[in-house]
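Asker: Structure for this input, please:
(one chain, ligands or ions: 1)
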Amino acid sequence: MDNNIEKAVRVLVVDDEPVLLKALEALLTKKGHQVTALDSPITATQRLAAEDFDVALLDVKMPDLSGLELLTAVKHRRPEVEVIMMTGHATVETALAAVKAGAYDYLTKPFDDVELVARAVAKAAERKALFDRNRALETALREKEGAPPADGLVGNSGAMRDVTRMIDAVAYSAATVLVQGESGTGKELVARALHAKSPRRSQPFVALNCGALTETLLESELFGHVKGAFTGAQRDQKGLFDAADGGTIFLDEIGDIPPATQVRLLRVLQEGEVKRVGSAESIKVDVRVIAATHRDLPKLVKAGKFREDLFYRLNVIAIPLPPLRERIEDVPLLAHHFLRRYTDRLAKKVKTLSPEAIELLCGYRWPGNVRELENAIERAVVLCRGESITPVDLPPAISGRTAPLIREAPAPGDDAGWLSMSYAAAKEQSLRRFEKTYVEALMRACDNNISAAARKAGMDRSNFKRVLRKYRTDVEGDAGDDAPEAPPRASA
Ligand SMILES: Nc1ncnc2c1ncn2[C@@H]1O[C@H](COP(=O)(O)OP(=O)(O)OP(=O)(O)O)[C@@H](O)[C@H]1O
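Answerer: So this is what the prediction gives:
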């Protein structure tokens, strides 16, 4: 970060009075700020989706969307933006409502002295700069220490950076979040990160796998029950919504909840109240709901298996988590992260992963996603006898001893096939296809004589063998003649 370069403060001004809007734009531009002046709150929400701002100056009374509604939208999308409300009808109620909804300050119109506005913007900008500086320092410190990010989410792919950005942007709001991704992609980790970065972090985080329980048990777990509500209910019991009061509840496998429970959950989301099973009494709760599923909820809605109204209530903010095969560039980072975790935990002296092992990990399809990678590294750390994890320490499915590696690269004209992959995955697969075709052709031309093929390729014999081993299982691991590979070491 270069502290000598002062960035212009990005100010968003929204007011439907054209004269005042122009005047504020001129004043703030003169102060050196980068000003976006808009007369429509709807346009403002669209701009907020695409652009970063430091300070927003919003009129309270506007057509289409009130300033307070716009304030909520700003905080929802970009909680770090400092908001100043401008009100022509300064009542304590409006001011209080604005501050409660997250405004930093409010000003009363008409302004006797416009410099007052400039000073308020400068103060808000200072606060925002402090926030930015703290965040940058935290990140720099973590990077220097080589530690994973505070939220525990490892990954530097574009997809994971989008996820982290999204978490940062929405953690502060209490809006419901739906995390969608295959099993093992890290949905629970995202939910925990959202909680850890939210103002609720000191309150409980409660998780429940909704797919694992029968309807009666699920309802009783979620909402609690009173004595006699069903057979076996021998006393009153609080539910998880009660237990999570003030905090966050994480509902995993939300697509699996039965229709009756969907109705009850919808009521909790709409009214912020729970009724224990068997009781007519409503209990107020303040709980942020994060739901997750590996299923296609819109499809379930279409099939009439999931309530549309509940889907919209849950899907206020959607965080899609791509499968690991679509962010292969995260594999080495994750592998090293788990290597550190398990060498510490298992007190082993394994220091690193060999380039061959990394290559195999990057070529695998990871149907079980990050969880499968974590298990593979744990197993490899247990099996490893030296300081470096090599292909023999990896499960056969990954080392290629029993199963094919990642799917073939799509054919040249297969646009849909190419576009289903990230740039890194597409590049990786094209390279593999090229390597495979090349070494196979070379081996055919050289009657399977590795030394001759290596010479023809202009490669060192052991390097050539390293490449060849990726595509042939009959090539031995060490220097020697061209005899077939010795049987693999026994694996756990
Ligand atoms: N980006 C990541 N960085 C570090 N660890 C990760 C990451 N993603 C997942 N993990 C780890 O992988 C394992 C599986 O993650 P998690 O339980 O969050 O997945 P999930 O999507 O909720 O799975 P399921 O749908 O099967 O419940 C956990 O041990 C988690 O810590």
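Asker: could you pull out the helices for the stretch 201-350 of the chain?
Answerer: Along the stretch 201-350 of the chain, counting by DSSP state H, counting those that start in this stretch, helices occupy 215-223, 240-243, 259-271, 297-302, 308-314, 331-345.
Asker: Which neighbouring elements make contact with the fourth one?
Answerer: So that's helix 297-302. helix 308-314 (3 or more Cβ pairs under 8 Å, 6 or more residues apart in numbering; DSSP states H and E). Using the backbone N, CA and C atoms, a C-beta is placed for each residue, glycine as well.
Asker: Can you name the residues of the stretch 251-400 of the chain that neighbour the ligand?
Answerer: 252, 294, 334, 337, 370-371, 374 (Cβ under 6 Å from any ligand atom).
Asker: thinking again about what came up before, just tell me which of the helices of the stretch 201-350 of the chain ends up closest to residue 415.
Answerer: Residue 415 sits nearest to helix 297-302 of all these, at 24.4 Å, using Cβ to Cβ.
Asker: returning to what we had before: any quick ChimeraX command for the buried ones out of the residues of the stretch 251-400 of the chain next to the ligand?
Answerer: Typed into ChimeraX, the next command selects the buried ones out of these (criterion: 16 or more other Cβ atoms under 10 Å):
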select :252,294,334,337,370,374
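Asker: circling back: okay if I get the helices of the stretch 201-350 of the chain as TSV plus mean pLDDT?
Answerer: Output for these, formatted as TSV (pLDDT from 0 to 100):
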stretch	mean pLDDT
helix 215-223	90
helix 240-243	93
helix 259-271	93
helix 297-302	94
helix 308-314	93
helix 331-345	92
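Asker: Point to the helix or strand of this protein where mean pLDDT is at its lowest.
Answerer: helix 415-419 (a mean of 71; mean pLDDT, DSSP states H and E).
Asker: Could you identify the helix or strand that succeeds it?
Answerer: Per DSSP states H and E, helix 415-419 leads on to helix 423-445 as the next helix or strand towards the C-terminus.
Asker: CA atoms of that following helix as PDB?
Answerer: Provided in PDB are the C-alpha atoms of helix 423-445 (Å, rounded to 0.1, in the frame of the first residue of the first chain):
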ATOM      1  CA  TYR A 423      -9.500 -19.900 -17.400                       C
ATOM      2  CA  ALA A 424      -7.000 -21.800 -15.100                       C
ATOM      3  CA  ALA A 425      -8.900 -25.100 -15.400                       C
ATOM      4  CA  ALA A 426      -9.200 -24.800 -19.200                       C
ATOM      5  CA  LYS A 427      -5.500 -23.900 -19.500                       C
ATOM      6  CA  GLU A 428      -4.600 -26.800 -17.300                       C
ATOM      7  CA  GLN A 429      -6.600 -29.300 -19.300                       C
ATOM      8  CA  SER A 430      -5.300 -28.000 -22.700                       C
ATOM      9  CA  LEU A 431      -1.800 -28.500 -21.400                       C
ATOM     10  CA  ARG A 432      -2.500 -32.000 -20.200                       C
ATOM     11  CA  ARG A 433      -4.000 -32.900 -23.600                       C
ATOM     12  CA  PHE A 434      -1.000 -31.500 -25.400                       C
ATOM     13  CA  GLU A 435       1.400 -33.300 -23.100                       C
ATOM     14  CA  LYS A 436      -0.400 -36.600 -23.400                       C
ATOM     15  CA  THR A 437      -0.600 -36.400 -27.200                       C
ATOM     16  CA  TYR A 438       3.100 -35.400 -27.400                       C
ATOM     17  CA  VAL A 439       4.600 -38.000 -25.100                       C
ATOM     18  CA  GLU A 440       2.400 -40.800 -26.600                       C
ATOM     19  CA  ALA A 441       3.500 -39.900 -30.200                       C
ATOM     20  CA  LEU A 442       7.100 -39.700 -29.100                       C
ATOM     21  CA  MET A 443       7.000 -43.000 -27.300                       C
ATOM     22  CA  ARG A 444       5.400 -44.700 -30.400                       C
ATOM     23  CA  ALA A 445       8.100 -43.200 -32.600                       C
END
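Asker: what's the angle from it to helix 331-345?
Answerer: Taking axes from the mean of the first three to the mean of the last three Cα atoms, to 10 degrees, one finds helix 423-445 and helix 331-345 inclined to each other by 90 degrees.
Asker: Give the other helices and strands that whatever helix or strand comes next after helix 423-445 contacts.
Answerer: Going down the chain from helix 423-445, the next helix or strand is helix 450-457, by DSSP H and E. Under the contact criterion of 3+ Cβ pairs under 8 Å, 6+ apart, helix 450-457 touches helix 423-445, helix 461-469.
Asker: Run the chain-centre distance for the shortest one.
Answerer: Offset of helix 461-469 from its chain centre (Cα atoms, centre = their mean, to the nearest Å): 38 Å.
Asker: So this structure: which segments form each domain?
Answerer: Domain assignment for the chain, taken from automatic domain parsing, gives 10-139, 169-320, 330-399.
Asker: Not counting its neighbours along the chain, what's nearest residue 156?
Answerer: Using Cβ to Cβ, 6 or more residues apart in numbering and skipping the chain neighbours, the partner closest in space to residue 156 is residue 333 (6.0 Å).
Asker: Over to residue 200?
Answerer: residue 247 (5.0 Å).
Asker: isn't that neighbour right next to residue 196, touching?
Answerer: No - with contact defined as Cβ atoms under 8 Å, residue 247 does not reach residue 196; the gap is 11.1 Å.
Asker: Up against the ligand, what does the stretch 51-200 of the chain have?
Answerer: Residues of the stretch 51-200 of the chain lying near the ligand (Cβ under 6 Å from any ligand atom): 152-155, 181, 183-189.
Asker: Would you show me how to pick out the buried ones of these in PyMOL?
Answerer: Selection of buried members from these for PyMOL, criterion 16+ other Cβ under 10 Å:
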select buried, resi 153+154+155+181+184+185+186+187+189
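Asker: Return the closest of the residues of the stretch 51-200 of the chain next to the ligand with respect to the ligand.
Answerer: Closest to the ligand out of these is residue 186 (2.6 Å), distances taken as Cβ to the nearest ligand atom.
Asker: Check the stretch 351-492 of the chain for the residue nearest the ligand and tell me.
Answerer: Using Cβ to the nearest ligand atom, the single residue of the stretch 351-492 of the chain nearest to the ligand is residue 370, 3.5 Å away.
Asker: List the residues that contact that residue.
Answerer: Counting by Cβ atoms under 8 Å, 6 or more residues apart in numbering, residue 370 makes contact with 184-186, 324, 334.
Asker: Show me which of those residues is closest to residue 61.
Answerer: The closest of the contacts of residue 370 to residue 61 turns out to be residue 186 (Cβ to Cβ; 43.8 Å).
Asker: Look at the closest one and report its pLDDT.
Answerer: Looking at residue 186, its pLDDT stands at 96.
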